[in-house]
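**Q** I would like the atomic coordinates for the input below:
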Amino acid sequence: MNFELTSDQKMLAQTVRQFTKKQSPVERFRKLRDEGKSWDREVWAHMGELGWLSVPFAEDLGGFGAGFVEVAIIAEGFGKTLVAEPFIGSVVLGGMAMASAGTSEQCERWLAPMMEGETSLALATTERGARHNLGTVGMTAAHDGGGWKLSGEKVFVPNGHEAEHLVVSAMTPDGVGLFVVAADGPGVTRSRLKTLDGRGAGRLRLDGASVGDECRLGDPGATAAAVLERVLDCGAAAACAEGLGICQATLDMTTAHLKERKQFDKPIGAFQALQHRAVEMFVEVELVRSMSILASIAADDDDVEARMRAISAAKTKLATGGEFVTREALQLHGGIGITDEHDIGLFFKRMVVLNALFGDATHHVERFASLGSFAAE
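**A** Next comes the predicted model:
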């Protein structure tokens, strides 16, 4: 299998790298966080102009028609400078759910403006006590004349506190359904939840919120459940790619610190014990890289078991390797590393959040072990 990027993919990676260096360094994320802002809509609109928000969507929907590898390239680049805009929450989750389950008319109404950077989307699936179980859906949808009334709560929704429209999973008489809910609609209450990485997430409360029949996406029952399973797997693969960017950035910051920081009149990187720890960090970064590449390729695989196996393996590797790299980076920076003034802690916090999103290590180890290719017959 050829893992070399194509010329177009290399150009995309270079464009993302130039953008993040000039227009979205870590200092911008810190400024947004300190001002209590989640992200910048002008920057989001610029991403739409660059075509990044339309990368995974089919050309007949107005998208770029690329594969998930291109999505991973963008997510990895964003991880290197902690780009705050909701690429995963809006494009990978809300957008891909819309594209997978929605009609062309629904995509024209809700997906097209997001691809242009005019609006953003969110996918609301997580409920209290669900523990990554898609079958646990407490949100209900009752048919009401020419529409539906939705009632229940969703928590820790990525971009749920900012999105104009939310794709909400709810239990209907014929199984799980997906509904588009306007954030400012009647019966909708949402608030911002604090998160460790400073980006925030949404808590959504629906009290008999009314939506029309045209707001229901896709076919009833199993189809919606299958869409959710695949979209959340894509979210996990994107999290692995962003985590890879974080790993590479923290490794680069740490090796630079080892060369610059002096003790006993010599750079601390001259001490063999610290060299060994830096090498261990490098090895883990390369392992995370390999698994992330595999996950991004598998995200487009129609073989469900192959996709689940690769993504669960990658997410588990991120939980161990990513945590190791960012923790070592903190320790090798010494006392300054645990202060908020230094950027290294921002990367560590984002890694913790990524490892919790879309299934933690325990969830993915159990899922991997349950697959037919691994479980004993």
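**Q** can you give me the helices for the protein?
**A** Per DSSP state H, the chain carries helices over the ranges 7-23, 26-34, 41-50, 68-81, 96-101, 104-106, 112-115, 222-260, 272-298, 304-317, 323-332, 344-356, 361-370.
**Q** which residue is nearest the middle of the protein?
**A** Closest to where the C-alpha atoms of the chain average out (C-alpha atoms, centre = their mean) is residue 88, at 3.7 Å.
**Q** What pLDDT does the model give it?
**A** Reading off the confidence values, residue 88 has pLDDT 98.
**Q** so it makes contact with residue 158?
**A** Yes: between residue 88 and residue 158 there is a contact under C-beta atoms under 8 Å: 6.4 Å. Quick note: C-beta positions are derived from backbone N, CA and C, even for glycine.
**Q** Isn't residue 307 up against residue 299?
**A** Yes: using C-beta under 8 Å, residue 307 is in contact with residue 299, at 6.6 Å.
**Q** Between these two, tell me which one has more neighbours.
**A** Ranked by neighbour count (other C-beta atoms under 10 Å), residue 307 and residue 299 place residue 299 first, with 28 against 21.
**Q** hmm, back to that, could you pull out the residues contacting both of residue 307 and residue 299?
**A** residue 233 (C-beta atoms under 8 Å, 6 or more residues apart in numbering).
**Q** give me the low-pLDDT residue ranges for this protein?
**A** For the chain, the stretches flagged by pLDDT under 70 are 1-2, 219-222, 373-377.
**Q** Please repeat the previous calculation with a cut-off of 50.
**A** 377 (pLDDT under 50).
**Q** Domain boundaries for it, per the record?
**A** Annotated domains of the chain cover 7-119, 123-220, 223-370 [automatic domain parsing].
**Q** from the middle of its chain, how far away would the second one be?
**A** Pointing back at domain 123-220 there. 18 Å (C-alpha atoms, centre = their mean, to the nearest Å).
**Q** same check, this time on the first one
**A** What separates the centre of domain 7-119 from the centre of its chain is 11 Å, taken as C-alpha atoms, centre = their mean.
**Q** from now on call the first residue 42
**A** Taking 42 as the first residue, the last one we looked at is domain 48-160.
**Q** Endpoint to endpoint, that domain covers what distance?
**A** 31 Å (C-alpha to C-alpha, to the nearest Å).
**Q** again with the longest one
**A** The separation between the terminal residues of domain 264-411, taken as C-alpha to C-alpha, is 22 Å.
**Q** now residue 92: how far from residue 158?
**A** 10 Å (C-beta to C-beta, to the nearest Å).
**Q** What about the closest residue to residue 334 other than its chain neighbours, how many residues nearby?
**A** Nearest residue to residue 334 in three dimensions, chain neighbours excluded: residue 44, at 5.9 Å (C-beta to C-beta, 6 or more residues apart in numbering). By the criterion of other C-beta under 10 Å, residue 44 has 10 neighbours.
**Q** Residue 44 and residue 335 touch, don't they?
**A** No: using C-beta under 8 Å, residue 44 is not in contact with residue 335; the gap is 9.1 Å.
**Q** related to what we said a few turns ago, looking at residue 92 and residue 158, which one has more neighbours?
**A** Between residue 92 and residue 158, residue 158 has the larger neighbour count (other C-beta under 10 Å), namely 23 against 15.
**Q** Just confirm that one contacts residue 94, I think it does.
**A** Yes: with contact defined as C-beta under 8 Å, residue 158 counts as touching residue 94 (5.8 Å).
**Q** Pull up the overlap in contacts between these two.
**A** 85, 88.
**Q** so how far is residue 133 from residue 233?
**A** 21 Å.
**Q** who has more neighbours, these two?
**A** residue 133 (31 against 15).
**Q** Now do the more buried one against residue 158, distance only.
**A** 16 Å.
**Q** Kindly report the same for residue 174.
**A** 34 Å.
**Q** Skipping adjacent residues, who's closest to residue 153 in space?
**A** Nearest non-adjacent residue to residue 153 (C-beta to C-beta, 6+ apart): residue 103, at 5.4 Å.
**Q** ok, for residue 86, nearest residue in space, not its chain neighbours?
**A** Nearest to residue 86 is residue 158, by C-beta to C-beta, 6+ apart, at 3.9 Å.
**Q** That neighbour: what's it in contact with?
**A** Going by C-beta under 8 Å, 6+ apart, the list of residues near residue 158 reads 85-90, 94.
**Q** Please repeat the previous calculation with a cut-off of 6 Å.
**A** For residue 158, the contacting residues are 85-86, 88-89, 94, by C-beta atoms under 6 Å, 6 or more residues apart in numbering.
**Q** Apply the buried test to these and list what passes.
**A** 85, 88-89, 94 (16 or more other C-beta atoms under 10 Å).
**Q** how many other residues sit next to residue 182?
**A** Residue 182: 26 neighbours (other C-beta under 10 Å).
**Q** what about the closest residue to it other than its chain neighbours, distance to residue 109?
**A** With C-beta to C-beta, 6+ apart as the criterion, residue 182 has its nearest non-adjacent residue at 3.9 Å, and that residue is residue 211. Residue 211 is 27 Å from residue 109, where distance means C-beta to C-beta.
**Q** Looking at these two now, which is surrounded by more residues?
**A** residue 211 (28 against 23).
**Q** Quick check: that one vs residue 270, distance?
**A** To residue 270, residue 211 is 16 Å away according to C-beta to C-beta.
**Q** swap in residue 284?
**A** 21 Å.
**Q** Compare neighbour counts for these two and give me the winner.
**A** Counting neighbours by other C-beta under 10 Å for residue 284 and for residue 270 shows that residue 284 has the greater number, 32 against 14.
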